[in-house]
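Undergrad: Structure for this input, please:
(chains A and B)
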Amino acid sequence: MTGTTKVRRVGAAKPPTRASKLLQNRWAGIAGLLIALLAPFVNASGYALSVMTSAAIFVMLAAGLNIVVGYCGLLDLGYVAFFAVGAYTSGVLSTRLDLPLLVTVPAVIVVTVIAGIIIGAPTLRLRSDYLAIVTLGFGEIIRITANNLDVTGGPSGIYGIPHLTDSPVVFYYVTVVIVSLAVLGAARLGRSRLGRAWRFVREDEDAAEAMGVHTYRVKLAAYIAGAVWGGLAGVLFAAQLSAISPTSFTFLQSALVLMAVVLGGMGSIPGVVIGAVVISILPEILRDLADYRFFIFGVLLIAVMILRPQGLWPSRSKEVS
Amino acid sequence: MSLLSVEDLRLSFGGLLAIDGLTFSVGEAEIVSVIGPNGAGKTSAFNCVTGFYRPSSGRITLRGKDLPGLRPSAIAGLGVARTFQNLRLFGELSVLDNVRAGSHLWLRQSVFDALLHTPRYRRSERECTEQAHHWLDFVGLSGDRYSEARNLPYGEQRLTEIARALARRPDLLLLDEPAAGLNHGEKAEMLDLIRRIQALGVAIVLIEHDMGLVMEVSERVVVLNFGKEIADGRPEDVRRNPAVIEAYLGSDAHA
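TA: Got it, this is the predicted structure:
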């Protein structure tokens, strides 16, 4: 079928802001990367590097959860499960089999994809509130399993995981590069056929089906992508701390990642990056307040959500391409 | 062989028979209207054809292929597109992105193409955008294509939904009350649009309450009342059919 009727093209003019928006996002990305790269020149103390490395890893988690929650609209309250699966897979393989950490990455990808399918396949038929409850349960199941198995070291976890590099500065830069690629990858997925299909599902599942989007498969793809992102962040986490235990993977962690996504602006890549940096660095900045630290943290978050309910940097739904 | 054929379709919700024996067929590039009072089962029939409801019994075939049991997306894959009675646009997405949804089945692009921005990715994205503009031009949408779909005036939202369905490049298009809520001028444009869609070689099944539009545009009219088919024929015959007149005007007390 081809359009044989010639109709004058009306209202098709490109919006004046389109190129500038694209540029804006690109410049925002480059600016963010530059800040991350230059930060060690401002402060390269061991403490600062550790906080910044953790923040970068947290950004990767937020970028991964953003695929599931922001793009596809699936509320996942147990996202940390994939973080744990990635960290434990590389931790177990590297310590028990004496493998370098990099070699465990393909295994981590395979295991997180399988974990994504196992958790996603039965639950993605559920509508949002049920899905939230089931994912919450799965998050706990993974943590409790790690707590009880011998191979994962039980409550004391795994220690002696090899570092990627001995220098914290080099590791910080490695982390920044990997996380930047992950963020770029998530953004590119969001601008693809699959990324659009995620948004169609988020907006109206029935209408998406009617246009030929296999909604179940598309949701599973979002879940798997989120799982891989979380799992790879877990590898970085294991490499940074060289020791992991079930206490690192509590529900609070899932809630914090979700908070980063919501705070920054669901579906917006610059937003979730800023949200993740704020959520991971703010408690450190507030450290001087001692006991009032998390009280003030909470008050600030509430204030942001009241003043900017759409997030710090909301997604530009006007033009997603 | 007809394009779509519905034979003795029945659909019940619990004890309620929503459709009680509906039979009709649609030929290639033919316009068939399904009319009847509210609650007669018209939209339910649409939902059966497009896979949203599973009929209790009866056959629905598209070019001889059985449709019941397939997912709506699989039926869309066979060349069926539809609009919804109560607009179902992707409200927070741009008008253009809404119509891009129609290209979903046509785009050949893998996850790796998207991650690496391969030439194939760029080509398919460009093609998708061009197609979206083409179909928005075709339906004559003059408004801003980059604003959120939910911010458009009602009539333009209707046009956007039709453009989205056309971007699927279907063989069969199901329009559920496309003229509902439109003013007189917009109705005339809708009539013209329906004819131009037919000229593309697309068969149309139309649910519509506006009798002027139905009589003007349809080649055949199927009349439903309380789930039962009471007439199927040319518009001028259906118009004079006593059962149809009774269904619409009521014998004594019209519900």
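
Undergrad: And the helix or strand hosting residue B:163, what's buried?
TA: Using DSSP states H and E, residue B:163 falls within helix B:154-167. Neighbour-count burial for helix B:154-167, counted by 16 or more other C-beta atoms under 10 Å in any protein chain shown, picks out B:155-167. Yep, even glycine has a C-beta here, placed from its N, CA and C like the rest.

Undergrad: Chain A: which of those is nearest?
TA: residue B:164 (6.7 Å; C-beta to the nearest C-beta).

Undergrad: Counting by contacts, list what the helix or strand in which residue B:43 is found packs against.
TA: Assigned by DSSP H and E, residue B:43 belongs to helix B:42-49. Packing contacts for helix B:42-49, counted by 3 or more C-beta pairs under 8 Å, 6 or more residues apart in numbering or on different chains; DSSP states H and E, involve strand B:4-13, strand B:16-26, strand B:31-35, strand B:172-176, strand B:203-207.

Undergrad: hmm, back to that, I'd like the mean pLDDT over the helix holding residue B:163, please.
TA: When pLDDT is averaged along helix B:154-167, the result is 95.

Undergrad: what about that helix and chain A, touching?
TA: Yes - under the criterion of C-beta under 8 Å from any C-beta of the partner chain, helix B:154-167 makes contact with chain A via B:164, B:165.

Undergrad: Please enumerate the helices of the stretch 101-250 of chain B.
TA: Per DSSP state H, counting those that start in this stretch, the stretch 101-250 of chain B carries helices over the ranges B:111-116, B:119-139, B:154-167, B:184-199, B:211-217, B:235-240, B:242-249.

Undergrad: What of chain A?
TA: In chain order, chain A shows helices spanning A:17-42, A:46-65, A:80-96, A:104-123, A:128-148, A:168-190, A:193-203, A:205-210, A:215-241, A:251-264, A:269-285, A:293-307, with DSSP state H as the criterion.

Undergrad: Would you tell me which one of those is buried the most?
TA: Highest mean neighbour count among the helices of chain A (mean count of other C-beta atoms under 10 Å in any protein chain shown): helix A:80-96, with a mean of 27.

Undergrad: Please name every helix or strand in contact with it.
TA: Judged by 3+ C-beta pairs under 8 Å, 6+ apart, helix A:80-96 is in contact with helix A:104-123, helix A:128-148, strand A:158-159, helix A:215-241, strand A:243-244, helix A:251-264.

Undergrad: Contact partners for residue 194?
TA: Here I'm looking at chain A. Counting by C-beta atoms under 8 Å, 6 or more residues apart in numbering or on different chains, residue A:194 touches A:218, A:221, B:111, B:114.

Undergrad: actually chain B
TA: By C-beta under 8 Å, 6+ apart, residue B:194 lies in contact with B:31, B:175, B:178, B:204, B:206, B:217.

Undergrad: who wins for neighbours among those residues?
TA: Ranked by the number of neighbours (other C-beta atoms under 10 Å in any protein chain shown), these place residue B:175 first, at 27 neighbours.

Undergrad: isn't that residue right up against residue B:161?
TA: No - counting by C-beta atoms under 8 Å, residue B:175 stays clear of residue B:161, with 9.3 Å between them.

Undergrad: Give me the common contacts of the two.
TA: Contact criterion C-beta under 8 Å, 6+ apart; residues shared by residue B:175 and residue B:161: residue B:83.

Undergrad: how far away is the nearest residue to residue A:157 once chain neighbours are set aside from chain B?
TA: In space, and not counting its chain neighbours, residue A:157 is closest to residue A:245: 2.9 Å by C-beta to C-beta, 6 or more residues apart in numbering or on different chains. The gap separating residue A:245 from chain B is 34 Å, by C-beta to the nearest C-beta, to the nearest Å.

Undergrad: Could you count how many residues lie near residue A:245?
TA: 19.

Undergrad: Quick check, pLDDT for it.
TA: 95.

Undergrad: mind listing what residue 36 touches?
TA: Just so you know, I chose chain A. A:52, A:56, A:176, A:180.

Undergrad: The intended chain is chain B.
TA: B:42, B:223, B:224, B:225, B:247.

Undergrad: circling back: burial-wise, tell me which of the helices of the stretch 101-250 of chain B comes out on top.
TA: helix B:154-167 (a mean of 24).

Undergrad: export that helix as CSV, just CAs?
TA: Extracted in CSV, the C-alpha atoms of helix B:154-167 (Å, rounded to 0.1, in the frame of the first residue of the first chain):
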residue,chain,number,x,y,z
TYR,B,154,-10.2,16.2,20.1
GLY,B,155,-10.6,16.1,16.3
GLU,B,156,-6.8,16.0,15.8
GLN,B,157,-6.5,13.3,18.3
ARG,B,158,-8.9,11.2,16.2
LEU,B,159,-6.8,11.9,13.1
THR,B,160,-3.6,11.0,14.9
GLU,B,161,-5.1,7.7,15.9
ILE,B,162,-6.1,7.0,12.3
ALA,B,163,-2.6,8.0,11.1
ARG,B,164,-1.1,5.6,13.6
ALA,B,165,-3.3,2.8,12.3
LEU,B,166,-2.5,3.7,8.7
ALA,B,167,1.2,3.7,9.4
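
Undergrad: how about the CA coordinates for stretch A:25-44, as CSV?
TA: The C-alpha coordinates for stretch A:25-44 follow below in CSV (Å, rounded to 0.1, in the frame of the first residue of the first chain):
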residue,chain,number,x,y,z
ASN,A,25,21.4,16.4,25.9
ARG,A,26,24.7,15.7,24.2
TRP,A,27,26.4,18.6,25.9
ALA,A,28,24.8,17.6,29.2
GLY,A,29,26.4,14.2,28.7
ILE,A,30,29.8,15.6,27.8
ALA,A,31,29.7,18.0,30.7
GLY,A,32,28.8,15.3,33.1
LEU,A,33,31.6,13.1,31.9
LEU,A,34,34.1,16.0,32.2
ILE,A,35,33.0,16.7,35.7
ALA,A,36,33.5,13.0,36.6
LEU,A,37,36.9,12.9,34.9
LEU,A,38,38.1,16.1,36.5
ALA,A,39,36.8,15.5,40.0
PRO,A,40,39.9,13.6,41.2
PHE,A,41,42.0,16.7,40.5
VAL,A,42,39.9,18.6,43.0
ASN,A,43,40.0,15.9,45.7
ALA,A,44,41.8,12.6,45.3
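
Undergrad: Can you name the residues of the stretch 151-255 of chain B that neighbour chain A?
TA: Applying C-beta under 8 Å from any C-beta, one finds that the stretch 151-255 of chain B approaches chain A through B:164, B:165, B:168, B:169, B:170, B:171, B:196, B:199, B:200, B:201, B:202.

Undergrad: let's see 7 Å
TA: B:164, B:168, B:169, B:196, B:199, B:200, B:201, B:202 (C-beta under 7 Å from any C-beta of the partner chain).

Undergrad: just to revisit the earlier point, and the helices of the stretch 101-250 of chain B as TSV, adding distance to residue A:313?
TA: Shown next, in TSV, are the helices of the stretch 101-250 of chain B (distance: least, C-beta to C-beta, whole Å):
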stretch	distance to residue A:313
helix B:111-116	23
helix B:119-139	24
helix B:154-167	28
helix B:184-199	39
helix B:211-217	47
helix B:235-240	56
helix B:242-249	56
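
Undergrad: right, so of those helices, which gets closest to residue A:41?
TA: helix B:111-116 (31.3 Å; C-beta to C-beta).

Undergrad: same for that closest one, what does it pack against?
TA: The contact analysis (3 or more C-beta pairs under 7 Å, 6 or more residues apart in numbering or on different chains; DSSP states H and E) places helix B:111-116 against helix A:168-190, helix B:119-139.
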